[in-house]
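**Student:** no FASTA, just this:
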């Protein structure tokens, strides 16, 4: 580096640090640590954010919205749809100018205009949202730029490779960039220890989090080590604005702990402004949330059953997950003051559910798949049954009946989960006896939904609902079963999300979900009976992996041994025993799956034919229940929509 460059750098640092200061005493009740990500690369959310979220933590992402969807030196920048995941996981969004302008090289007026442009872009995406903190892009700021930026934000963050202790400058908070020590974890640990000893506020910064990071990022393994050490240090780990609130910084209200009212709204969709925070009401608002993908044949019936709910007040939110058929067009025919339709690119059911939740404002959440039906009084029965004194932490369930086309022939088959149960007993029965509850049976308070966190988008192939409701269960004080709150579950099995078949993506998603299930079970109870239930759970599901995935099979066998058990070969029914000795296990398994598919296809054709026949002769059965009459009337009301 030349002498001139060194002089310029010295001036830049001194001018930025000494001028236009907004001094503030850092006196937290316990040490603070914040994790921040500049530029908001996608990997920072889906790798780094996931690491934080698994521990119940959240971070701050500094976005230049002019880079949305683009490739940058720090990697692929976030897409608009990713904002739903960001806010769903409880992260904060900060400003990084619109065009990612260099803080020193850019004229102050131009720099300020880029801040204004970024705020306007955010308001278009998320009406009512605002940036509250700022990160200087690329360089330390010019003195006049620093003064101007301070007018817009509670705090502005730079670098400096140190922590904030004693008296700090809110116009230029210090941060430690992890990529500069990504080969020296001890340096990071030493700084965390120093933060603990001095009672300061340590702000970590980086960009991408990936197995092959850019020069501006680090690996997930390194980042996880940093997070783990930070947690073990005893510091409170909170996003930047939350830390400012804890410090009672100027402009912050210390009591403002409620979730930020963020409204994820694609630019192409024109809807009213919405809020994710529930509004106080004498009667709780229920949000019925419906993810939809290529459901043109069923979506109208599902929406009618939602609209027919006798509970008021309610709102219905449909998220079309990039359907390639007419699902979106059909759903939009139902749009009204109480039913909103949002579209997004195809990211899977979990992503669509997160988007729907981000748009909702209800006190209760009713999940409903786009091909299932609710009895008209389903929600009413559950809300009326719950004890008001324990309402917010009680997880409500109800019975479900399976059908294909003829919903009035749905088979309601009770299981041991159809009872009031503690979280431990419920999960023991689910895993030990291979039981499940259908997604729509649950009614979840917003408090429980927020405690559980977002749906896991890694489980795009399979069992995202099973894993999600385990987390809801763990956050609850138990399950209350309401026998009158009925759900009609459409099952074809061949093209549904839960059907695994020969899909490696779904096998891997199922295996990930299974490992998390076992972790959840052990967190509730680590005993001989819970370990036995986990081994039974592994044995029953081994069929999906053996012999096609020897890697997962070996991992499952090792996990069973760690639990004190042993896995045998998966069981095939007696009619395949002789065939197996002739053509082998793998081909026999494929034959069994093919015959199962054939049987389901035949059953589907027969049921569809009988349903069409029933409709033609207007005979829905001469002696149907009152509930069926009401549901039939709601499904027949298409001409009034």
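**Tutor:** Done, it's in. Just so it is clear, the structure is predicted and the values come from calculations on it, not from any experiment. Numbering: from 1, shown residues only.
**Student:** drop to CA atoms for contacts and neighbour counts, all remaining ones
**Tutor:** Will do.
**Student:** List the contacts of the residue most central in space within the chain.
**Tutor:** Note on the chain: the residue nearest the mean C-alpha position is residue 454, at 2.4 Å, using Cα atoms, centre = their mean. By Cα atoms under 8 Å, 6 or more residues apart in numbering, residue 454 lies in contact with 85, 88, 89, 354, 468.
**Student:** One more: residue 20?
**Tutor:** So residue 20 contacts 143, 146, 147, 171 (Cα under 8 Å, 6+ apart).
**Student:** One more: residue 421?
**Tutor:** Residue 421 makes contact with 478, 479, 480 under the criterion Cα under 8 Å, 6+ apart.
**Student:** make it 10 Å
**Tutor:** Residues in contact with residue 421 (Cα atoms under 10 Å, 6 or more residues apart in numbering) are 395, 427, 429, 477, 478, 479, 480, 481.
**Student:** Looking at those residues, which are in helices?
**Tutor:** Secondary structure defined by DSSP state H assigns 427, 429 of the contacts of residue 421 to helices.
**Student:** got a list of what residue 138 touches?
**Tutor:** Residues in contact with residue 138, defined by Cα under 10 Å, 6+ apart, are 38, 96, 100, 101, 102, 103, 104, 105, 158, 159.
**Student:** in a strand, that's where it is, yeah?
**Tutor:** No - secondary structure of residue 138 (DSSP: H, G, I helix; E, B strand; the rest coil): coil, not part of a strand.
**Student:** Please enumerate the strands of the stretch 401-550 of the chain.
**Tutor:** With DSSP state E, counting those that start in this stretch as the criterion, the stretch 401-550 of the chain has strands at 411-412, 444-445, 479-481, 487-490.
**Student:** Just give the number of residues close to residue 545.
**Tutor:** Close neighbours of residue 545, defined as other Cα atoms under 10 Å, add up to 21.
**Student:** what's it sitting at in phi/psi?
**Tutor:** With angles defined as degrees, to the nearest 10, residue 545 sits at phi -110, psi -30.
**Student:** Could you report the distance from it to residue 507?
**Tutor:** The gap separating residue 545 from residue 507 is 7 Å, by Cα to Cα, to the nearest Å.
**Student:** Would you mind grabbing the residues shared as contacts by these two?
**Tutor:** Common neighbours of residue 545 and residue 507 are listed as residue 552 (criterion: Cα under 10 Å, 6+ apart).
**Student:** low-confidence ranges in the stretch 1-150 of the chain?
**Tutor:** Along the stretch 1-150 of the chain, segments meeting pLDDT under 70 span 1-19.
**Student:** how about the strands of it, start to end?
**Tutor:** Taking DSSP E, counting those that start in this stretch, the strands of the stretch 1-150 of the chain run over residues 23-26, 32-38, 60-63, 71-72, 75-76, 92-95, 133-135.
**Student:** TSV for the strands of the stretch 401-550 of the chain, including mean pLDDT and distance to residue 327?
**Tutor:** Converted to TSV, the strands of the stretch 401-550 of the chain look like this (pLDDT from 0 to 100; distance: least, Cα to Cα, whole Å):
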stretch	mean pLDDT	distance to residue 327
strand 411-412	94	28
strand 444-445	95	26
strand 479-481	96	33
strand 487-490	96	17
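**Student:** Which one of the contacts of residue 20 sits in the busiest neighbourhood?
**Tutor:** Most neighbours among the contacts of residue 20, by other Cα under 10 Å: residue 171, with 29 neighbours.
**Student:** Tell me which residues of the helix of greatest length in the chain come out buried.
**Tutor:** In the chain, with assignment by DSSP H, the single longest helix is helix 585-616. Within helix 585-616, the residues that count as buried by 16 or more other Cα atoms under 10 Å are 585, 588, 589, 592, 597, 600, 604, 607, 611.
**Student:** For it, the averaged confidence score.
**Tutor:** Helix 585-616 carries an average pLDDT of 76.
**Student:** Does residue 402 touch residue 437 like I think?
**Tutor:** No - Residue 402 is beyond contact range of residue 437, at 11.5 Å (criterion: Cα atoms under 10 Å).
**Student:** what's the overlap in contacts for those two?
**Tutor:** Counting by Cα under 10 Å, 6+ apart, nothing touches both residue 402 and residue 437.
**Student:** Pull the number of nearby residues for the spatially closest residue to residue 546 that is not a sequence neighbour.
**Tutor:** Distances taken as Cα to Cα, 6 or more residues apart in numbering place residue 553 nearest to residue 546, at 6.1 Å, with adjacent residues excluded. Using other Cα under 10 Å, residue 553 has 21 neighbouring residues.
**Student:** could you say which helix or strand contains residue 553?
**Tutor:** Assigned by DSSP states H and E, residue 553 belongs to helix 550-562.
**Student:** And that helix, what does it pack against?
**Tutor:** For helix 550-562, the elements it packs on are helix 504-524, helix 528-541, judged by 3 or more Cα pairs under 10 Å, 6 or more residues apart in numbering; DSSP states H and E.
**Student:** Give the buried residues for stretch 175-193.
**Tutor:** Neighbour-count burial for stretch 175-193, counted by 16+ other Cα under 10 Å, picks out 175, 176, 177, 178, 179, 182, 188, 189, 191, 192, 193.
**Student:** Among those residues, which ones are in strands?
**Tutor:** Residues of the buried residues of stretch 175-193 located in strands (DSSP state E): 175, 176, 177.
**Student:** got those residues as a markdown table, with distance to residue 132 columns?
**Tutor:** Below are those laid out as a markdown table (distance: Cα to Cα, whole Å):
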| residue | distance to residue 132 |
| --- | --- |
| 175 | 17 |
| 176 | 20 |
| 177 | 21 |
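**Student:** Kindly reformat those as JSON lines containing distance to residue 212 and pLDDT.
**Tutor:** Shown next, in JSON lines, are these (distance: Cα to Cα, whole Å; pLDDT from 0 to 100):
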{"residue": "175", "distance to residue 212": "23", "pLDDT": "97"}
{"residue": "176", "distance to residue 212": "21", "pLDDT": "97"}
{"residue": "177", "distance to residue 212": "17", "pLDDT": "97"}
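**Student:** And these, which is closest to residue 344?
**Tutor:** The closest of those to residue 344 turns out to be residue 177 (Cα to Cα; 33.9 Å).
**Student:** Who is that closest one paired with across the strands?
**Tutor:** Bridge pairing for residue 177 (DSSP bridges) gives the partners residue 205.
**Student:** Is it possible to get the helices and strands packed on helix 550-562 out as a markdown table so that each row also shows mean neighbour count?
**Tutor:** Below are the helices and strands packed on helix 550-562 laid out as a markdown table (neighbours: other Cα atoms under 10 Å):
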| stretch | mean neighbour count |
| --- | --- |
| helix 504-524 | 18 |
| helix 528-541 | 20 |
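**Student:** Among the ones you listed, which comes closest to residue 409?
**Tutor:** helix 528-541 (29.2 Å).
**Student:** So which other helices or strands are in contact with whatever helix or strand residue 158 lives in?
**Tutor:** Assessed by DSSP H and E, residue 158 sits inside strand 155-160. Judged by 3+ Cα pairs under 10 Å, 6+ apart, strand 155-160 is in contact with helix 3-18, strand 133-135, helix 143-149, strand 166-169, strand 173-177, strand 201-206, helix 240-246.
**Student:** ok, so of the buried residues of helix 585-616, who is nearest residue 536?
**Tutor:** Distances from residue 536 to the buried residues of helix 585-616, taken by Cα to Cα, are shortest for residue 589, at 20.4 Å.
**Student:** So the closest one versus residue 398, what's the distance?
**Tutor:** 35 Å.
**Student:** Please name every helix or strand in contact with the longest helix of the chain.
**Tutor:** In this structure, helix 585-616 packs against helix 577-583, with contacts taken as 3+ Cα pairs under 10 Å, 6+ apart.
**Student:** now the contacts of residue 454 in CSV, with distance to residue 489 and neighbour count?
**Tutor:** Shown next, in CSV, are the contacts of residue 454 (distance: Cα to Cα, whole Å; neighbours: other Cα atoms under 10 Å):
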residue, distance to residue 489, neighbour count
85, 27, 26
88, 27, 24
89, 29, 26
354, 22, 27
468, 19, 21
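**Student:** Now do the helices in the stretch 351-500 of the chain.
**Tutor:** Ranges of helices in the stretch 351-500 of the chain, per DSSP state H, counting those that start in this stretch, are 378-385, 423-433, 446-452, 464-475.
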